[in-house]
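S.K.: Got a sequence here, can you model it:
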Amino acid sequence: MYDHVLLPTDGSEAAMDAENEAFEITTTNDATLHVLFVVDETAGPLNVRGGDERFEEAESEGEETVSEIVDRATEAGVEDVTDVVRRGVPHEEILDYADEYCDLVVMGTRGRSGLDRQLLGSVTEKVVRRSNPSVLTVRVGSEGT
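M.R.: Residues are numbered from 1 along each chain as shown. Purely as a prediction, here's the structure:
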């Protein structure tokens, strides 16, 4: 049913909660898992003095994060894993990558509502609303429920 499953991550609890769902879907469908970390070029703290060094540090953290997920995926029986770190606007990079390579996106969501969601926006919500491939959202703490 699915050949390429995208697991975007920022290393958060929400992203980690989506891992097991992505691993299960990938192994069940004998699919390729794509793990994507996006360094947010619009993030305020990275755009201050020394920004290039901070972006490089964020990329290193992203590489470490995806490497750890690749290890966990392999332990869970996923045979084919691709890991990618990109710079850009997170939802745009996720959408571009999904459109080019994947037929399912599995993402965590924090379940924000009200003012929090309006002020901060939600990468997951933007992906859900604009994605061509299907998107499965996994709520924080939903593991085992």
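S.K.: Report the distance from the one helix or strand Pro8 maps to to the chain centre.
M.R.: Pro8 is located in strand 4-9, with elements delineated by DSSP states H and E. Relative to the centre of its chain, strand 4-9 is centred 6 Å away, using Cα atoms, centre = their mean, to the nearest Å.
S.K.: Now for this protein: which helix has the highest residue count?
M.R.: Longest helix of the chain, by residue count under DSSP state H: helix 51-75.
S.K.: got the angle for it vs strand 4-9?
M.R.: Orientation check (axes from the mean of the first three to the mean of the last three Cα atoms, to 10 degrees): helix 51-75 against strand 4-9 gives 130 degrees.
S.K.: Helix 51-75: which residues count as buried?
M.R.: Within helix 51-75, the residues that count as buried by 16 or more other Cβ atoms under 10 Å are Arg54, Phe55, Ala58, Gly62, Thr65, Val66, Ile69, Val70, Arg72, Ala73. Using the backbone N, CA and C atoms, a C-beta is placed for each residue, glycine as well.
S.K.: So, low pLDDT: which residues of this protein?
M.R.: Across the chain, the ranges flagged by pLDDT under 70 are 44-51, 111-121, 142-145.
S.K.: hmm, try it at 90
M.R.: For the chain, applying pLDDT under 90 flags the ranges 12-15, 41-56, 109-122, 139-145.
S.K.: what are the ranges of the helices in it?
M.R.: Using DSSP H, helices in the chain cover 13-28, 51-75, 90-101, 114-120, 123-130.
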